[in-house]
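**Q** take this sequence and fold it.
(3 chains)
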Amino acid sequence: MTKKEIQEQIRQAVETVRRTNPMAGSITNTVTINFVANAQLAVGGSAAMVYLPDEGEFLAKAGGAMYINVGTLLPIYEQTLPHVAKVLHETGKPWVLDPVAVGIGTLRTKLLRQFKEYKPTIIRGNASEVIALAGLWELAGGTAVSKVRGVDSTDTVNAAKTAAVALAKWTGGAVAVSGETDLITDGKIVAYSYGGSPFMPKITGSGCSLGGVVAVYATAATPFIAALTATAVYNLAGKRAEKRADGPGSFQVYFLDELYKATAEEIAENPFEIEEV
Amino acid sequence: MTKKEIQEQIRQAVETVRRTNPMAGSITNTVTINFVANAQLAVGGSAAMVYLPDEGEFLAKAGGAMYINVGTLLPIYEQTLPHVAKVLHETGKPWVLDPVAVGIGTLRTKLLRQFKEYKPTIIRGNASEVIALAGLWELAGGTAVSKVRGVDSTDTVNAAKTAAVALAKWTGGAVAVSGETDLITDGKIVAYSYGGSPFMPKITGSGCSLGGVVAVYATAATPFIAALTATAVYNLAGKRAEKRADGPGSFQVYFLDELYKATAEEIAENPFEIEEV
Amino acid sequence: MTKKEIQEQIRQAVETVRRTNPMAGSITNTVTINFVANAQLAVGGSAAMVYLPDEGEFLAKAGGAMYINVGTLLPIYEQTLPHVAKVLHETGKPWVLDPVAVGIGTLRTKLLRQFKEYKPTIIRGNASEVIALAGLWELAGGTAVSKVRGVDSTDTVNAAKTAAVALAKWTGGAVAVSGETDLITDGKIVAYSYGGSPFMPKITGSGCSLGGVVAVYATAATPFIAALTATAVYNLAGKRAEKRADGPGSFQVYFLDELYKATAEEIAENPFEIEEV
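**A** Below you'll find the predicted structure:
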């Protein structure tokens, strides 16, 4: 794929979502659940969130894609998450996994280990999470000991490249590593997406909501293009919001505005580079 | 009731709430729970949210009205919701039911079916939800098969008129159907409330928070007036916020500001029409 | 301690937090969980929220301090909260207790009673909550019957002075009573902090998020200084945000901006008075 072909597919993904208002259901943490939904709506998608196993199954089947974020696990997740992931895998529905805080707690570890066989279509996380997930799944580039600190990364995006490529090869989908420069790979190509703002880590949920938006685009594009499109609109909106912002409060408000206002053309032209693996 | 009498009652409802700061407790979904509380505070009410059965009972008894929204069901809701609805019914406390996503999942269906006998004072939903609830309760205008798509409506407000009237007749209260034009009925009169903004469906929780605000006004007015007052202030604030907004992020901020700033006079004069059923 | 010494310690707390980005985990209610996290990030801390017992233990050990808010209890809290409080107590980690709505429900009462022996390092609440907690713990200044109304206070800050001092003496830490003027005490000194805005009770979570920010400063200062520093930055940011705000929606946005922008010097110079107990 040339850069031009990629840009054309980004344009199409953005336009298809705006035209068809696709639903991407979520099972996600309570901290940023509102921001996830509002970001999904801002880019033209529709949001729905649930906790129970049969409701998750319903959303998995009714939606065009799904977002699963293990941020604030509740006891019921032990039943809900493996069940829904299985349904998604068996029906071939694209789904996005956000392995928030991998390494913390026994249920989180058990669930994330189970997900290996259900092959999440797109994995989105910070560098430490991607490295730790690869480690948990015993893939290249992973480490046995998570360096995740709560929800923060202590590794750089480039340090997660091998892990990201290995995860993408395993799932046959794509992996997006969020950081100052973002890395997106399908195991064959690696794209680096530029932009964003230092305010993004100063608001909670910039990563989670990116995962939700990736799921929206996954209803209308390949995993790699979905991840790259979502990352591009985030980098563009972040850069623009920062110019108007006076602090993290106003940044978040303007960021949602800019997600909504960005055109397909502008998103496709947000700076990125590609290289073969 | 003439239009003038209705406007006078709206004025009184708004002023009573601003003067007495009434508490309306909620059991509501995690996606929009913050927005519900902030909207309730903005119009002059007080908010409190719980999940456990005895805490729900406490709020039902301590508050002037209650808001129950079945958006993101948790396992404990199986005990909490029927218990609290029963307490509300038996004590004659007004309560607002938001039958979000009726038709999805077995627990949701079971709970919403149980609510029939506890006669929610006010039902607020989009057209598809109102039609589906009437269907579930085997009332006129309902359909056996829900056309609810996640949390979105695929029906128009007018298509829900028969169902809304039938539900209001059954409960002896009122029903508010949210859409481009909003329909409010007590089974005898139908009011159409105008205003709002295309941004309202682009933010999550405009419907849920309306339900919470209906509960606030239900502490100080009849079910019909409470539903109409809340809808009127929403339509007014939506129209005003849109003028200042640059996207859905700033719209939501200004919307809360305008809820707070709207005077009793302005809310009473927000455009509406009435007709006999 | 002279006023000057206190100001110097406030300055150091603010600067240490900005420089070291300390993590303060939380177990907190779903209504304001997003605001808590964003406020913690705005002052320079890092946030992480969980519900499960072993994940709470992880955060207790990994973070520099912890915030426990009993706002919207879930069934799992019966296991999580006593376990985490015990870990915090045994490891000597500072932790902040927000006894939201003390007096409502049997689980809440049971948990808050259990916390007595785990001696929360800092207790933050409104006047009614502080008085009711002292009553529950059978300390001076408490009353047997809670006057808490949902989440609101019906008592004035000064009415809670005896209770606050008694609680601080019992825990050996500090107590912060939020109101128009805020009272902070370590059982020996009482500080009164001035500022804030009438908009603060018009947004949900100004109290909860203050508790979360107290926990952030507790990683870098004594309990008394942590509580006073957090209260000072809240009073300063509230006063400044009010000047720019047009209602509670924009107030909350600007408030987060001002939390972020306030300098150590400005926070230390926010007006306060001290007196010996």
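
**Q** gap between A:Arg19 and B:Met200?
**A** Between A:Arg19 and B:Met200 the computed distance is 20 Å (CB to CB, to the nearest Å). C-beta here means a position set from N, CA and C on the backbone, and glycine is covered the same way.

**Q** out of these two, which sits in the busier spot?
**A** Regarding A:Arg19 and B:Met200, a neighbour count based on other CB atoms under 10 Å in any protein chain shown identifies B:Met200 as having more, with 24 against 10.

**Q** so where is chain A shaky, pLDDT-wise?
**A** Low-confidence segments of chain A, defined by pLDDT under 70, are located at A:144-154.

**Q** what are the phi and psi values at the residue sitting furthest away from the middle of it?
**A** For chain A, the largest distance from the centre (CA atoms, centre = their mean) belongs to A:Asp246, which lies 27.1 Å off. Backbone dihedrals for A:Asp246, given as degrees, to the nearest 10, come out at phi -110, psi 0.

**Q** test my guess that it contacts C:Leu259.
**A** No: between A:Asp246 and C:Leu259 no contact is recorded; they are 11.9 Å apart, counting by CB atoms under 8 Å.

**Q** the residue in the stretch 51-200 of chain A that chain B sits nearest to: how many residues sit nearby?
**A** Nearest to chain B, among the residues of the stretch 51-200 of chain A, is A:Glu55, at 4.0 Å (CB to the nearest CB). Here the number of neighbours of A:Glu55 (other CB under 10 Å) works out to 24.

**Q** what about the most centrally placed residue in chain A, which SS state?
**A** What sits nearest the mean C-alpha location of chain A, by CA atoms, centre = their mean, is A:Gly211, with 2.7 Å. In three-state terms, and counting by DSSP: H, G, I helix; E, B strand; the rest coil, A:Gly211 is helix.

**Q** likewise for A:Val253?
**A** Per three-state DSSP, the secondary structure class of A:Val253 is helix.

**Q** torsion angles phi and psi at the nearest residue to it once chain neighbours are set aside?
**A** Residue nearest to A:Val253 in three dimensions, not counting chain neighbours: B:Gly249, with 4.2 Å by CB to CB, 6 or more residues apart in numbering or on different chains. In terms of degrees, to the nearest 10, the main-chain angles of B:Gly249 are phi -70, psi -50.

**Q** distance of B:Gly249 from A:Glu258?
**A** Where A:Glu258 is concerned, B:Gly249 sits at a distance of 8 Å (CB to CB).

**Q** same check on A:Val84?
**A** In this structure, A:Val84 lies at 32 Å from A:Glu258, with CB to CB as the measure.

**Q** so what's the residue nearest to the centre of chain A up against?
**A** Remark: with contacts taken as CB atoms under 8 Å, 6 or more residues apart in numbering or on different chains, A:Gly211 is in contact with A:28, A:36, A:67, A:69, A:96, A:98, A:124.

**Q** narrow those residues to those in helices?
**A** Cross-referencing the contacts of A:Gly211 against helices under DSSP state H gives A:Val36.

**Q** if we check chain B, which of the contacts of A:Gly211 are in contact?
**A** When CB under 8 Å from any CB of the partner chain is applied, no member of the contacts of A:Gly211 is adjacent to chain B.

**Q** nearest to B:Ser206, out of the contacts of A:Gly211: which one, please.
**A** Checking these against B:Ser206 by CB to CB gives A:Val36 as the nearest, at 16.6 Å.

**Q** that closest one - how many residues pack around it?
**A** Taking other CB under 10 Å as the definition, A:Val36 ends up with a neighbour count of 29.

**Q** residues near the closest residue to it other than its chain neighbours, how many?
**A** Take A:Val36 and drop its neighbours on the chain: the residue closest to it by CB to CB, 6+ apart is A:Gly212, 3.9 Å away. Neighbour count of A:Gly212, defined by other CB under 10 Å: 33.

**Q** just A:Gly92 next, same as before
**A** A count of neighbours around A:Gly92, defined by other CB under 10 Å, yields 7.

**Q** likewise A:Thr156?
**A** Neighbour count of A:Thr156, defined by other CB under 10 Å: 16.

**Q** quick one, strands of the stretch 151-277 of chain A?
**A** In the stretch 151-277 of chain A, the strands defined using DSSP state E, counting those that start in this stretch lie at A:174-178, A:182-185, A:189-193, A:272-276.

**Q** could you dump those strands to CSV with distance to chain C and mean neighbour count?
**A** Formatted as CSV, the strands of the stretch 151-277 of chain A follow (distance: least, CB to the nearest CB, whole Å; neighbours: other CB atoms under 10 Å in any protein chain shown):
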stretch, distance to chain C, mean neighbour count
strand A:174-178, 16, 31
strand A:182-185, 20, 27
strand A:189-193, 23, 21
strand A:272-276, 28, 13
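
**Q** would you mark the buried spots in the helix or strand in which A:Phe115 is found?
**A** When secondary structure is defined by DSSP states H and E, A:Phe115 falls within helix A:106-118. Of the residues in helix A:106-118, those buried by neighbour count under the rule 16 or more other CB atoms under 10 Å in any protein chain shown are A:107-108, A:111-112, A:115-116, A:118.

**Q** just to revisit the earlier point, tell me which of the contacts of A:Gly211 is nearest to chain C?
**A** Scanning the contacts of A:Gly211 for proximity to chain C, where the rule is CB to the nearest CB, the winner is A:Val36, at 10.6 Å.

**Q** now do the contacts for that closest one.
**A** A:26, A:28, A:47, A:49, A:67, A:69, A:205, A:208-209, A:211-212.

**Q** ok, 10 Å please
**A** Residues near A:Val36 by CB atoms under 10 Å, 6 or more residues apart in numbering or on different chains: A:24, A:26, A:28-29, A:47, A:49, A:67, A:69, A:98, A:205, A:208-213, A:215, B:31, B:204.

**Q** quick check: A:Gly187 touching A:Lys161?
**A** No: when contacts are counted by CB atoms under 10 Å, A:Gly187 is not listed as touching A:Lys161 (11.4 Å).

**Q** and for these two, which residues touch both?
**A** A:175, A:277.
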